[in-house]
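Undergrad: Return atomic coordinates for the entry below.
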Amino acid sequence: MFTGLVEETGTIERLSHRSGSVVFSIRGRKTGRSLGIKDSIAVDGVCLTVIRRRGMTFDVQAVEETLTKTSLGKRRKGDTVNLERPLSAKDRLGGHFVLGHVDTTGTVESIRARKSSWMFWIRVPKRFSKLLIPVGSVAIDGVSLTIAQLRGTLMGISIIPHTWEVTTFKEYRVGRTINVEFDVLGKYVEQLVKAYRKR
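TA: Next comes the predicted model:
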């Protein structure tokens, strides 16, 4: 389990294709030093398992299902990714509960610079629009954020300077594909309501 508070950005140093899967070698100055084999790490919001580590560089493997459902299949050597290690039982919960189980991908539709922030408009597939809650939590590429505005399948996200500096948001361009994980509490409520209506 994660919080959506990105610890640092890392760099994809190498990609190795293995029978439909991809092994990513990622360099993380902070996270890379403390990871061990079998540890979990969120890479752009996707929970993956460390299979090898060398100094500050670690390897994770994304299989077909992950490559299809997330943006990792579009990542290339040299790309920057958001990194977060799992929540420790003794840590404060500063963001929201993020599982690292991406629900869908979205598309950056527009980016507007303001005086002290940036407004990103992101479109998600129509079938997920019911999970968009005004002032609700959402994880974008593993970053815990608040939905500021809604326009149908578009959600407006306000990015403060600190988030801009310490995550990959400063590299976003219109048309970029990003990972979206909706608030787990909302998803559970939806399933419970569905089950109740079928009774």
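
Undergrad: so what's the residue lying closest to Lys30 once chain neighbours are set aside bridging to?
TA: In space, not counting the residues next to it along the chain, Lys30 is nearest to Glu8; the distance is 4.8 Å by C-beta to C-beta, 6 or more residues apart in numbering. Bear in mind the C-beta positions are built from the backbone N, C-alpha and C, glycine included. For Glu8, the beta-bridge partners under DSSP bridges are Leu83.

Undergrad: what about Glu8, how many neighbours?
TA: Glu8 has 16 neighbouring residues, counting by other C-beta atoms under 10 Å.

Undergrad: what residues are up against it?
TA: Residues near Glu8 by C-beta atoms under 8 Å, 6 or more residues apart in numbering: Gly28, Arg29, Lys30, Thr31, Leu83, Val166.

Undergrad: Filter these down to the ones in strands?
TA: Per DSSP state E, strands hold the following members of those: Leu83.

Undergrad: of the contacts of Glu8, buried ones?
TA: When neighbours are counted using 16 or more other C-beta atoms under 10 Å, these contain these buried positions: Gly28, Thr31, Leu83, Val166.

Undergrad: Just confirm the third one contacts Ser40, I think it does.
TA: Yep, that's Leu83 we're talking about. No: Leu83 lies out of contact with Ser40 (C-beta atoms under 8 Å); the separation is 11.5 Å.

Undergrad: For Gly186, give me the pLDDT.
TA: Looking at Gly186, its pLDDT reads 68.

Undergrad: how about TSV for the buried ones among the contacts of Glu8, with pLDDT added?
TA: Shown next, in TSV, are the buried ones among the contacts of Glu8 (pLDDT from 0 to 100):
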residue	pLDDT
Gly28	96
Thr31	93
Leu83	98
Val166	96
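
Undergrad: Out of those, the closest to Gly94 would be?
TA: Checking the buried ones among the contacts of Glu8 against Gly94 with C-beta to C-beta, the nearest one is Val166 at 13.4 Å.

Undergrad: correct me, but that closest one touches Thr9?
TA: Yes: at 7.3 Å, Val166 counts as touching Thr9 under the criterion of C-beta under 8 Å.

Undergrad: Do a quick rundown of the strands in the protein.
TA: Under DSSP E, the chain gives strands at 8-18, 21-27, 40-43, 46-54, 57-62, 80-84, 104-113, 118-123, 137-140, 143-151, 154-159, 177-182.

Undergrad: mind putting the ones you listed in TSV, distance to Gly73 included?
TA: Putting these into TSV (distance: least, C-beta to C-beta, whole Å) gives the following:
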stretch	distance to Gly73
strand 8-18	10
strand 21-27	8
strand 40-43	13
strand 46-54	11
strand 57-62	8
strand 80-84	13
strand 104-113	10
strand 118-123	19
strand 137-140	18
strand 143-151	20
strand 154-159	23
strand 177-182	9
